[in-house]
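Q: what would the 3D arrangement of this be:
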Amino acid sequence: MLVLAIVLFLMNMFLAAYLGILYGSILIKKTGMFATHSTMAAIVHIVLSVITIISWYIFASSISWFVVIGGIVLGSIFFIIGEIVLFLFLYENKDKYIEIYKNDIKEEEYTITRVNA
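A: Numbering: from 1, shown residues only. You can find the predicted model right below:
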């Protein structure tokens, strides 16, 4: 039972990082606003990580305090790693995402002027 809980705990931590990256990348491509959406992606990651760590605390408190402390430390380490990966991924792809946004705007302007002409 404990092994299953640890696996689910780690999967939730990775899922939090993945959803933060997914949110940030999609909305930066749609709006071109890097700072706003990278911050919101970090908030999504923080909220999901905190929910996961609190769930671990509730589950593991009935087992042992060593398991609780170990899970909180492990969750904190994965939280920090996830935030670093999130910002590095979004920052490395920032120019590509903004270029996609600019190309979409140009295509929309071309379509609008062509229809109106």
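Q: what helix or strand is the residue nearest the centre of the chain on?
A: What sits nearest the mean C-alpha location of the chain, by CA atoms, centre = their mean, is Gly20, with 1.4 Å. Gly20 belongs to helix 2-31 when assigned by DSSP states H and E.
Q: cool, and Val73?
A: Under the assignment here (DSSP H and E), Val73 is part of helix 65-92.
Q: now that helix: buried residues?
A: 67-68, 71, 74-75, 78-79, 82-83, 85-87, 89-90 (16 or more other CB atoms under 10 Å). Backbone N, C-alpha and C define where each C-beta goes, glycine included.
Q: can you give the distance of the helix holding Gly20 from its chain's centre?
A: 5 Å (CA atoms, centre = their mean, to the nearest Å).
Q: equivalent analysis for stretch 36-45, please.
A: So, by CA atoms, centre = their mean, the centroid of stretch 36-45 is 7 Å from its chain's centroid.
Q: now that stretch - C-alpha only, PDB.
A: Taking C-alpha atoms only, stretch 36-45 is exported to PDB below (Å, rounded to 0.1, in the frame of the first residue of the first chain):
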ATOM      1  CA  THR A  36       2.100  36.600 -17.400                       C
ATOM      2  CA  HIS A  37       1.600  33.100 -18.500                       C
ATOM      3  CA  SER A  38       4.900  31.700 -17.200                       C
ATOM      4  CA  THR A  39       3.900  33.200 -13.800                       C
ATOM      5  CA  MET A  40       0.500  31.600 -14.100                       C
ATOM      6  CA  ALA A  41       2.100  28.300 -15.100                       C
ATOM      7  CA  ALA A  42       4.300  28.500 -11.900                       C
ATOM      8  CA  ILE A  43       1.200  29.100  -9.800                       C
ATOM      9  CA  VAL A  44      -0.500  26.100 -11.400                       C
ATOM     10  CA  HIS A  45       2.500  24.000 -10.500                       C
END
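Q: low pLDDT regions in the chain?
A: Across the chain, residues meeting the criterion (pLDDT under 70) sit at 108-117.
Q: rerun that using 80 as the cut-off
A: Scanning the chain for pLDDT under 80 picks out 1-2, 105-117.
Q: elements contacting the helix or strand hosting Thr36?
A: Secondary structure assignment for Thr36, by DSSP H and E: helix 34-60. Under the contact criterion of 3 or more CB pairs under 8 Å, 6 or more residues apart in numbering; DSSP states H and E, helix 34-60 touches helix 2-31, helix 65-92, helix 94-116.
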